[in-house]
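A.B. asks: build me a structure from this.
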Amino acid sequence: MKHSARNLVLILIVTCQCLIQAYSQTQTASLRPGEQLLWRRVSPTVQQPDGPVLYQIIFRSNAAPNHIPKISISHTLVDSLLTDNGSQVAVGELAISSSGVISFAPRQPFPGTVSGISAGDGSIAIGGTTSVPSVSVASNGITNANIGDGALSPGKIAGIAATLGSNTFSGFQQVIDGNGNNAAVLAGALTVSTNSDELTIGDVGCSAGFLGVATFALSLDNCTAYSFVTNGAHTFLNVPTGGDMGFRINNVNHMTMDSSGNVHVLNTLSKAAGSFMIDDPIAPSNKYLYHSFVESPDMKNIYDGVVTLDGSGEAVIILPDWFGALNRDFRYQITAIGAPGPNLYVANEISNNHFKIAGGTPGGKVSWQVTGIRQDAYANAHRIPVEVDKPDAEKGTYLHPELFGAPPEKGMGALQGPTARSARQ
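C.D. replies: Next comes the predicted model:
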C-alpha cells in the first residue's frame, strides 16, 4: 500500500516549533517546549490494508501501578486519589473492600450531615470533642456514649459506659436522671437503681442455668436475695424474711401469703379437692397423713361439744354471741354417752344464741352437734351455685380430661393461654 494512494493531510496548528520524527509507526509531536504527545497509527494494517486511517494518541504517564490515572494540566497521566489493588478500591485512605467493608483513615473527618464522625487507631468517634466524643467505639470493643441531659426528654440519659466482649456484658454506672437514679450492667447483672431501692436482673447464685430478678438492694450471690428466679423448666417466687407475697388485681391484694406461709384469699376459692397434709403423728419421719375437707352443697358451718346434764336431766348449750348473726336453718344431733338416752330431745331450739336439751339421765353426758347455713353479708351476695351449665365456649372440655379418656387439648387448662382465649372470643 502506498501513502500516495491516500490523501492524508495532517494539520498541526502550533505557536512554536513543530517537529515530527517517525519511529516505526509511532510519532512524537512536540506542541510546546518540553511537552510531548505520542501517537501511533493503528489503521490501515497488514491484515486490513483497506481500513481507514486512524491514529491512537498515547499520553506519557507518571502514574504508579494500581493507581487510576488522571490527565494533568500538562496533558500527561499522573496519579489520582483513586487506587485499585484488586481487593479494594480506595479514595485516599477511605477504602471499600471487595466484600463491602468500609475502612477509614485515622481521625478521618466527614463533611456534611455526618460531620461529627471521626476515626483513629481502630476506633470511631461521633460528635462531641476529640477528648470527649458523644459516642465512641474503641478498638477493644468498648462503647461509650454521652447524651446531654434532657436530650431524650422525658427520659434523661448521661454518662453511659459499657463493655461487650467474651460473651459477657459489663460496664459502669449509667446515670438516668439528676435525682440519683441510675442503671448499670456489671458482672453479668443489669441493675436499675433509685435513691431508695434497686431492680436487678442476673445470676442470683442458684444452680447453673437460673436467672433471677431482685427488687431490693441485696447481694445476688447466695440464692436467697431474689424475688423471681427461673431456668425455663422451674420457676420460683421469693420474698426476704418477714415479707409477704401478694397477688394483686388493680393494685388490690386478692391472694396473699404471709411470712409464716399462711395464704389469704379475698374471694371464693374453687378446687377439685381439698385436704390437710401433715407428718404422720405416729411415724413423722417416714409418713404423711392426709384428711379430706368436709364439704356440702350449702355454705354450712358445724359446731359440736359435750355437756353434762343437771339433776333434772337437762342442759342449756350457750353459743357464741355472733352465732345467730352468722347462721340460719339450724340442724341438731344429740347422743347420750355411757348409757342409753331414749328420751333425750331438744327442748328449746336456738334463740338468742342458746338451746336446751332435756329428757336425759340426771348427771349423764351428752354429745351434741349443730349446723347452720351462713347468712353473713358476703355469703348472701355470693351464694355458691350447686350445679351450672358450662359456658358455650367450654362445652366439650374437661377440668381433668385424662379421667374421661379425652386428650389433653380438651382440658380447660389448655384454653387459658392467650392464643386459646383469642380463638374463643
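A.B. asks: ramachandran angles for P391?
C.D. replies: In this entry, P391 is assigned phi and psi values of phi -60, psi 150 (degrees, to the nearest 10).
A.B. asks: ah, wrong one, I meant V263
C.D. replies: Note on V263: its backbone torsions stand at phi -110, psi 130 [degrees, to the nearest 10].
A.B. asks: look up how far G246 lies from it.
C.D. replies: From V263 across to G246, the span is 11 Å (Cβ to Cβ, to the nearest Å). (Glycine included, C-beta is placed from N, CA and C.)
A.B. asks: which of those two has more neighbours?
C.D. replies: G246 (14 against 10; other Cβ atoms under 10 Å).
A.B. asks: got the contact list for that one?
C.D. replies: Contact analysis of G246 by Cβ atoms under 8 Å, 6 or more residues apart in numbering lists N253, M255, T256, M257.
A.B. asks: strands paired with the host helix or strand of the first one, and their directions?
C.D. replies: Okay, so that is N253. Per DSSP states H and E: N253 is located in strand 252-257. If you go by DSSP bridges, strand 252-257 pairs up with strand 245-249 (antiparallel), strand 263-265 (antiparallel).
A.B. asks: now D329, nearest residue through space, not along the chain?
C.D. replies: Excluding its sequence neighbours, the residue lying closest to D329 (Cβ to Cβ, 6 or more residues apart in numbering) is I373, at 4.5 Å.
A.B. asks: nope, V307 is what I was after
C.D. replies: In space, and not counting its chain neighbours, V307 is closest to A315: 4.5 Å by Cβ to Cβ, 6+ apart.
A.B. asks: do I have it right that the one you found meets G305?
C.D. replies: No - between A315 and G305 there is no contact, the gap being 10.3 Å when judged by Cβ atoms under 8 Å.
A.B. asks: and the two? Which one has more around it.
C.D. replies: For A315 versus G305, neighbours defined as other Cβ under 10 Å are more numerous around A315 (20 against 11).
A.B. asks: then the helix or strand that contains Q369 to CSV, C-alphas only?
C.D. replies: Here Q369 sits within strand 365-374, counting by DSSP H and E. Output of strand 365-374 as CSV, limited to C-alpha atoms (Å, rounded to 0.1, in the frame of the first residue of the first chain):
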residue,chain,number,x,y,z
LYS,A,365,-73.1,-36.9,129.4
VAL,A,366,-74.5,-35.9,126.0
SER,A,367,-72.6,-35.2,122.8
TRP,A,368,-74.3,-32.5,120.7
GLN,A,369,-73.8,-31.2,117.2
VAL,A,370,-75.4,-28.1,115.5
THR,A,371,-75.1,-27.0,111.9
GLY,A,372,-76.1,-23.7,110.3
ILE,A,373,-76.1,-22.1,106.9
ARG,A,374,-74.1,-18.9,106.5
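A.B. asks: so which residues make contact with the next helix or strand along the chain from it?
C.D. replies: Scanning forward in sequence from strand 365-374 by DSSP H and E, the next helix or strand is helix 377-381. By Cβ under 8 Å, 6+ apart, the residues outside helix 377-381 that reach it are M299.
A.B. asks: and helix 377-381, average pLDDT?
C.D. replies: Taken as a whole, helix 377-381 has a mean pLDDT of 94.
A.B. asks: only the buried residues of it, if you could.
C.D. replies: Judged by neighbour count using 16 or more other Cβ atoms under 10 Å, helix 377-381 contains no buried positions.
A.B. asks: so where's the stretch 201-350 of the chain uncertain?
C.D. replies: Filtered on pLDDT under 70, the stretch 201-350 of the chain yields the residue ranges 216-221.
A.B. asks: quick check: the gap between the residue nearest to V307 and F323.
C.D. replies: A315 sits 17 Å away from F323, taking Cβ to Cβ as the criterion.
A.B. asks: ok, the residue nearest to D329 - contacts?
C.D. replies: I373 makes contact with D298, M299, K300, N301, N327, R328, D329 under the criterion Cβ under 8 Å, 6+ apart.
A.B. asks: and those, which is closest to S99?
C.D. replies: Closest approach to S99 among the contacts of I373 (Cβ to Cβ): M299, at 76.9 Å.
A.B. asks: can you count the residues close to that closest one?
C.D. replies: Other residues close to M299 by other Cβ under 10 Å number 17.
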